[in-house]
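Novice: quick one: sequence and predicted model below, then my questions.
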Amino acid sequence: MSKGTFYITTPIYYPSDKLHIGHAYTTVAADAIARFKKLTGYDVYFLTGSDEHGQKIERTAKEKGKTPQEYVDKIVAGFKHLWAELNVDYNDFIRTTEERHKKVVKTFFQQLYEQGDIYKSSYKGWYCTPCETFFTEYQLEEGKCPDCGREVELLEEESYFFRMSKYADRWLKFIEENPDFIQPDTRRNEMVSFVKQGLEDLCVSRTTFDWGIRVPFDPKHVVYVWVDALTNYISALGYGSDNDQLYQKYWPANVHLVGKDIMRFHTIIWPIMLMALNLPLPKKVVGHGWLLLEGGKMSKSKGNVVDPLVLIDKYGADAVRYYLLRELPFGSDGYYSEEALAKRINNDLANDYGNLLSRTASMLVKYQQGVLQKPQPQGELDEELINLALETPKVVEDYMNKLQISAAAEAIGKLVARANKYLEETAPWSLAKDEAQAERLNTVLYNVIEVMRFATVMLTPFMPNIPEKVWPQMGIEDKPELHSWESLRWGQIPAGTVVQRGEVLFPRIDLSKL
Ligand code: MSP
């Protein structure tokens, strides 16, 4: 029985270029949460996609001698390839150039116009083309774009405006009544003070480029990218069409997972658009930190972007996923380096997790022909290990529900480390030398294998490829009932199970060769 629905989204990425490891972080994090919710009994819908309109795409395509559509088609194929390589298991991929999406954006625009929430005026401001954002004079930093540091141009144009200011009080009241809507708390405080400073109406159309969705009642204008982009979260569910079962079932979203840079759009503009249209608001917007390089941000112009495909090729998708999920603490920035990635693989995956299985399987094969027998009544050391194993799924569930993914991974790591220590403490290699200790030896090895099962079930959302390698070595590949979250009760592996030695799960990386 399903525990209910769970709808999670990633931002839709600009196909202005290939994606880098920072983009991969957002999507892998959403995938891990989606997989975790599925594992714990939810009916999950996971959406990602691409945000394909705008001046920047139009210009880039032109530079490459392609039509915008040809250009985005190629880049988006690359996105899908990357997600497949990273084992990202989304339910749908929405492209803003699809008819199903354009229709909803047009209806929204028309509706807001008809009810007087969109009006025509003129707009003057400093425009940064790469960021597709207008800035006021005082927002500029040394006369340049405060986000990317590049040149801005002064533009004045006839534009349509959305009456955001009208909804400021309603928004503030909503946040007061729903303090968890914006996570983490520090971001909520930032957003609240931004709105309290006075919310201006939002310019929602452009006439300076063509590559966009036409304003239905004034086709000289195209819809401003953010209004277009944000609508994806419901256009993908069939909102407003005859086929809107997904919308009925999954909206409002449980979580919009986004990077800190686009919190304002998701926590202010999007909810206000929905309020104006009398539609339910998403339950939560969670802003994560950025993956930085020692020298600062990753950017094409600096030539320091890290290509996830290269890393997957070298270290495998599971290891890259684990590193990303483990490395960035909730809401904060983290630094990427290949050395840190290699160290994570060596310490957490090779020395701790992989080694726990390989050393235990070796001993089982050597001392007991691999056959597990019923464990005997437990001593103090055993109790401690078992209690930690039983506690960990609850701790992990709690962290994952709070989207504290790295803390969840850390908790699983603690259990694995405890089991390795337990092997040192119980020293099965010494027990094996004494016939009289045969039962004790079996109990120790059984306990460690059972911990390995707990850890593997819990790690599956992080590393979806491990079960197919681990379950055969543990002799339980044909027992799906032992792979479920509900099976995390102690002592489920039956006596008679035959453990085998198999391939090394995570080979150690020679740091000196990096
Ligand atoms: N198209 C908009 C989103 C529209 S959502 C309705 C956009 N696209 S983006 O491609 O520029 O960025 C997508 C996501 O990638 C953002 O959440 C952004 O924070 C994230 N990241 C980009 N670089 C990143 C890092 N270096 N580290 C972590 N996340 C980063 O914004």
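Specialist: Happy to help now that I have it. Residues are numbered from 1 along each chain as shown.
Novice: surely residue 283 touches residue 253?
Specialist: Yes. Using CB atoms under 8 Å, residue 283 is in contact with residue 253, at 6.7 Å. Any C-beta I mention is one placed from the backbone N, CA and C, and that applies to glycine too.
Novice: neighbour count for these two, which is higher?
Specialist: residue 253 (23 against 15; other CB atoms under 10 Å).
Novice: nearest to the ligand: which residue in this structure?
Specialist: residue 259 (1.6 Å; CB to the nearest ligand atom).
Novice: now do the same contact list for that residue.
Specialist: 11, 22, 26, 287, 288, 289, 290 (CB atoms under 8 Å, 6 or more residues apart in numbering).
Novice: out of those, which touch the ligand?
Specialist: Restricting those to those touching the ligand (CB under 6 Å from any ligand atom) yields 11, 22, 26, 290.
Novice: which of the residues you listed has the most neighbours?
Specialist: Result: residue 11 is most packed of these (other CB under 10 Å), 25 neighbours.
Novice: other SSEs contacting the worst-scoring helix or strand of the chain on mean pLDDT?
Specialist: Least confident element among the helices and strands of the chain, by mean pLDDT, DSSP states H and E: strand 133-135 (a mean of 78). Counting contacts by 3 or more CB pairs under 8 Å, 6 or more residues apart in numbering; DSSP states H and E, strand 133-135 is packed against strand 118-128.
Novice: which parts of the strand it packs on are buried?
Specialist: For strand 118-128, burial by neighbour count (16 or more other CB atoms under 10 Å) applies to 118, 123, 125, 126, 127, 128.
Novice: could you find the closest non-adjacent residue to the first one?
Specialist: Right, the one you point to is residue 118. residue 112 (4.5 Å; CB to CB, 6 or more residues apart in numbering).
Novice: also the third one?
Specialist: Residue nearest to residue 125 in three dimensions, not counting chain neighbours: residue 134, with 3.8 Å by CB to CB, 6+ apart.
Novice: gap between that neighbour and residue 226?
Specialist: 11 Å (CB to CB, to the nearest Å).
Novice: likewise for residue 95?
Specialist: Distance from residue 95 to residue 226, by CB to CB: 17 Å.
Novice: repeat for residue 63
Specialist: Distance from residue 63 to residue 226, by CB to CB: 24 Å.
Novice: neighbour-wise, which of those two wins?
Specialist: residue 226 (21 against 9).
Novice: is it true that that one touches residue 269?
Specialist: Yes. Counting by CB under 8 Å, residue 226 does reach residue 269; the two are 6.1 Å apart.
Novice: on that earlier part again, show the contacting residues for the residue nearest to residue 118.
Specialist: Applying CB under 8 Å, 6+ apart, the residues contacting residue 112 are 118, 162, 273, 276, 277.
Novice: kindly recompute the last result at 7 Å.
Specialist: 118, 162, 276 (CB atoms under 7 Å, 6 or more residues apart in numbering).
Novice: next one: residue 207
Specialist: By CB under 7 Å, 6+ apart, the neighbours of residue 207 are 157, 158, 220, 221.
Novice: quick one, which of the residues you listed are buried?
Specialist: Among the contacts of residue 207, those classed as buried by 16+ other CB under 10 Å are 157, 221.
Novice: what sits up against stretch 298-312?
Specialist: 17-18, 20-22, 24, 82, 85-86, 293, 295, 320, 336.
Novice: run a quick neighbour tally on residue 30.
Specialist: Neighbours of residue 30 (other CB under 10 Å): 26.
Novice: repeat for residue 107
Specialist: 16.
Novice: with adjacent residues omitted, what lies nearest to it?
Specialist: Nearest to residue 107 is residue 240, by CB to CB, 6+ apart, at 5.7 Å.
Novice: just the pLDDT at the one you found, thanks.
Specialist: We have a pLDDT of 93 for residue 240.
Novice: residues touching residue 188, list them.
Specialist: 175, 179, 182.
Novice: against residue 89, how distant is residue 278?
Specialist: Distance from residue 278 to residue 89, by CB to CB: 34 Å.
Novice: so which of these two has more stuff around it?
Specialist: The neighbour count for residue 278 versus residue 89, taken as other CB under 10 Å, is higher for residue 89 (14 against 8).
Novice: name the SS class of the more buried one, please.
Specialist: coil (DSSP: H, G, I helix; E, B strand; the rest coil).
Novice: ok, back up a step: in which helix or strand does the residue nearest to residue 118 reside?
Specialist: helix 99-114 (DSSP states H and E).
Novice: return the set of buried residues in stretch 69-84.
Specialist: Applying 16+ other CB under 10 Å to stretch 69-84 flags 71, 72, 75, 76, 79, 82, 83 as buried.
Novice: quick one: which of these sit in helices?
Specialist: 71, 72, 75, 76, 79, 82, 83 (DSSP state H).
Novice: out of the residues you listed, which is nearest to residue 327?
Specialist: The closest of those to residue 327 turns out to be residue 82 (CB to CB; 18.8 Å).
Novice: is it true that that closest one touches residue 18?
Specialist: No. Counting by CB atoms under 7 Å, residue 82 does not reach residue 18; the two are 8.1 Å apart.
Novice: to the chain's geometric centre, what's the distance from stretch 8-16?
Specialist: Chain-centre distance of stretch 8-16: 11 Å, with CA atoms, centre = their mean, to the nearest Å.
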